[in-house]
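The following comprises the amino acid sequence and a computationally predicted model.
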Amino acid sequence: GAVVSQHPSWVICKSGTSVKIECRSLDFQATTMFWYRQFPKQSLMLMATSNEGSKATYEQGVEKDKFLINHASLTLSTLTVTSAHPEDSSFYICSATRISGSADTQYFGPGTRLTVL
Amino acid sequence: QKEVEQNSGPLSVPEGAIASLNCTYSDRGSQSFFWYRQYSGKSPELIMFIYSNGDKEDGRFTAQLNKASQYVSLLIRDSQPSDSATYLCAVNIGQTGANNLFFGTGTRLTVIP
C-alpha cells in the first residue's frame, strides 16, 4: 500500500504553546489530505479536509483559527495546534487519497499523540 | 440516522473460526466501501475496498457488498489472535472514490486462542 508519514509521532507540550504536525505522502502525490482526531476508545472524527493550494475545509465545531492547516505541496500538509490546552490532548491522524484509475484509496499516517500538560 | 453504522461489539470468536463483521449505510447512492483495521494505539490500516455488488476475496478476507440492502460485510476466515483489533467500515457518501469517507464507530474483534 501507499505510505503516509507523520512527524512527530508523539509530542508533549506545555499549555499555551503551539505544536506543528507534518503529514507527508511518501510515494504518491495527494491533492487532498485529511486530518482526524481520535480520543481514547472513541471513533475517528474528521477535523478538516486539506486541499493543495487552497484553504482547508473545516468540519462543524472545529475552530479554524485554533487548528491551522497548510497544504503547500502535493506531498505535505501541516496541522498546527495553536495555544494548545489539555483538552486538545488526543491522537491526531492524517490521511491522503491516492488516486489510481477508479480505485482511489485513502491511506492513513501512523498518527501523532499529543499530550498537553 | 447515522450515515454508517456498525455493531460496536465486542465480537469474540475462537481461533480458526470465521469472524463476520457487518456495516450498514444510509446513502443509497454510495459507490465506494472500505474496511480498515485499527490496533489499539495505532492508526487505521486499509484491509480492502469494494465497489461492486458481490464478493471480493483477498487472502483470508472477503468483503461482501449488497447495495440493494445497503450493507457491506467483512469475513475473516481462519481467525488468528493477531486479527484482534477494531475494524472500521468506511463509506464514500454520495461520491465515487475515497474522498469524503464516513466512518462507522468500529467493531472490536477479539480472537480467543
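Now that the structure is in, tell me what you want to look at.

What residues does chain B have near chain A?
Applying C-beta under 8 Å from any C-beta of the partner chain, one finds that chain B approaches chain A through B:34, B:36, B:41-46, B:49, B:51, B:88, B:90, B:96-101, B:103-106. Where you see a C-beta, it was placed from the backbone N, CA and C, and this is true even at glycine.

just the buried members of those residues?
Buried by 16 or more other C-beta atoms under 10 Å in any protein chain shown: B:34, B:36, B:43-44, B:46, B:49, B:51, B:88, B:90, B:97-101, B:103-106, out of those.

Poorly predicted segments of chain A, please.
Judged by pLDDT under 70, chain A has its weakly predicted residues at A:1, A:101-103.

Now do the strands in chain A.
A:4-7, A:10-13, A:19-25, A:32-38, A:45-51, A:57-58, A:67-73, A:76-81, A:90-98, A:105-108, A:112-116 (DSSP state E).

who does the shortest one pair up with?
Here strand A:57-58 is paired, per DSSP bridges, with strand A:45-51 (antiparallel).

CA atoms only: put the strand it pairs with into CSV for me.
Output in CSV follows, covering the C-alpha atoms of strand A:45-51 (Å, rounded to 0.1, in the frame of the first residue of the first chain):
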residue,chain,number,x,y,z
MET,A,45,-13.5,12.3,14.0
LEU,A,46,-12.8,14.2,10.8
MET,A,47,-11.5,17.7,11.6
ALA,A,48,-10.7,19.1,8.2
THR,A,49,-10.0,18.5,4.6
SER,A,50,-6.8,19.9,3.3
ASN,A,51,-6.6,20.8,-0.3
